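In: Next one to model:
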Amino acid sequence: QVQLVESGGGLVQTGGSLRVSCVASMTTFIAYGMAWFRQGPGAEREFVAAMSGFHHETDYTDSVKGRFIISRDDSKNTVYLQMNTLKPEDTAVYYCAATRRTWLTRTINDYEHWGQGTQVTVSL
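Out: As a prediction, this is how the structure comes out:
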């Protein structure tokens with residue numbers, strides 16, 4: 001049973017920074033593509049960023065390019081999302097997700113495993 005556990009969410013002011021982390025339980029973490037999605041109040045879950053396994057290619061949604069950075073430490077089975085210059089519209093529950101697919105994907109249904117989410121709130 002694969003488990004993903006997010007941490008690091010919280011309350012931050014507009015323009016501030018926050019880093020969320022996700023620790024995964026699978027032993028073959030290095031082979032998994034990892035991603036972050038978010039779901040704001042009254043909104044559907046949306047793609048934020050992804051990093052492929054092995055070659056660590058990345059993909060970002062346009063609204064976070066230049067502000068957010070996805071990274072991973074395969075020795076710690078952990079993926080991170082560094083969020084800078086935060087805006088109130090970044091307020092959401094942030095979910096970590098994992099896929100065995102070897103290509104980058106933004107499609108929710110391509111991800112087999114999900115964490116429970118961590119709340120990020122950006123105040124004015």
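
In: Just the pLDDT for L124.
Out: pLDDT, L124: 89.

In: just checking, it touches T14?
Out: Yes - L124 lies in contact with T14 (Cβ atoms under 8 Å); the separation is 5.8 Å. Bear in mind the C-beta positions are built from the backbone N, C-alpha and C, glycine included.

In: ok, G10 to G33 distance?
Out: 27 Å (Cβ to Cβ, to the nearest Å).

In: Give me the common contacts of L124 and T14.
Out: Residues within reach of L124 and of T14 at once, by Cβ atoms under 8 Å, 6 or more residues apart in numbering, are P88.

In: Looking at the two, which one has more neighbours?
Out: T14 (13 against 6; other Cβ atoms under 10 Å).

In: how close does that one get to V20?
Out: 18 Å.

In: Ignoring the adjacent residues along the chain, who's closest to Y60?
Out: Distance criterion Cβ to Cβ, 6 or more residues apart in numbering; nearest residue to Y60, sequence neighbours excluded, is A49 at 4.9 Å.

In: Please give me every residue in contact with the one you found.
Out: By Cβ under 8 Å, 6+ apart, the neighbours of A49 are A35, W36, T58, D59, Y60, T61, V64, F68, I70, L81.

In: Parallel or antiparallel, list what pairs with the helix or strand that contains it.
Out: With secondary structure defined by DSSP states H and E, A49 is part of strand 46-51. Sheet pairing of strand 46-51 (DSSP bridges) gives strand 33-39 (antiparallel), strand 58-60 (antiparallel).

In: Great, nothing more from me.
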